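1. Just a sequence and a predicted model for now, questions to come.
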Amino acid sequence: MPIFDKFHVDAVLSAHYHTYRRHGHIKNFEKNIDGPLYIITGVAGDVRYEKAKIVVEILQGDQTIGEISSIYGIHPNMLARWKREALDGLPKVFERSSKQIKQEQERQQEIDELYKQIGILTTQNEWLKKKGGL
């Protein structure tokens with residue numbers, strides 16, 4: 001943060017998720033040994049989003065897991081596990097679950113039954129019109 005640079009702050013502490021992570025020296029929003037040391041005990045906000053964002057960086061391949069580990073202060077083994085879990089789970093994103101398929105089939109059966117009832121009622125209505133002279 002520029003204000004920390006301006007006043008020569010030595011260390012910045014941030015907390016939320018209760019897991020220790022050392023982020024590093026940052027100046028002008030970039031890694032720089034001349035900047036204050038940022039010590040972060042986790043992430044604020046949705047942790048799943050943070051993990052997903054990191055996994056996307058890993059999958060992009062612009063940086064090694066070791067480099068990403070240094071940036072985020074997360075052990076490389078943990079990052080490798082997240083990557084493996086993401087790749088293992090990715091096909092499921094594009095599959096419909098059996099529960100979803102069953103729900104769709106039940107919905108279609110209900111629609112078919114309603115159309116059947118509409119047909120019966122329409123036929124009965126036409127018959128009544130002819131018999132009643134309406």
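-> Perfect, thanks for sending it.

2. Am I right that residue 89 falls within a strand?
-> No: following the definition DSSP: H, G, I helix; E, B strand; the rest coil, residue 89 is helix and is not counted among the residues of a strand.

3. Quick one: residues contacting it.
-> With contact set as Cβ atoms under 8 Å, 6 or more residues apart in numbering, residue 89 has no partners. All C-beta spots, glycine's among them, are computed from the backbone N, C-alpha and C.

4. pLDDT value on it, please?
-> Per-residue pLDDT puts residue 89 at 87.

5. May I have the predicted confidence score for residue 12?
-> With respect to pLDDT, residue 12 has a value of 69.

6. again, but for residue 100
-> According to the model's per-residue confidence, residue 100 sits at a pLDDT of 84.

7. same check, this time on the one 4 residues further on
-> Residue 104 is assigned 90 on the pLDDT scale.

8. mind checking the SS state of the closest residue to it other than its chain neighbours?
-> Beyond its immediate neighbours in the sequence, the residue positioned closest to residue 104 (Cβ to Cβ, 6 or more residues apart in numbering) is residue 96, lying 7.8 Å away. The three-state assignment at residue 96 reads coil, by three-state DSSP.

9. Quick check: phi and psi at residue 63.
-> phi -130, psi 150 (degrees, to the nearest 10).

10. Many thanks, have a good one.
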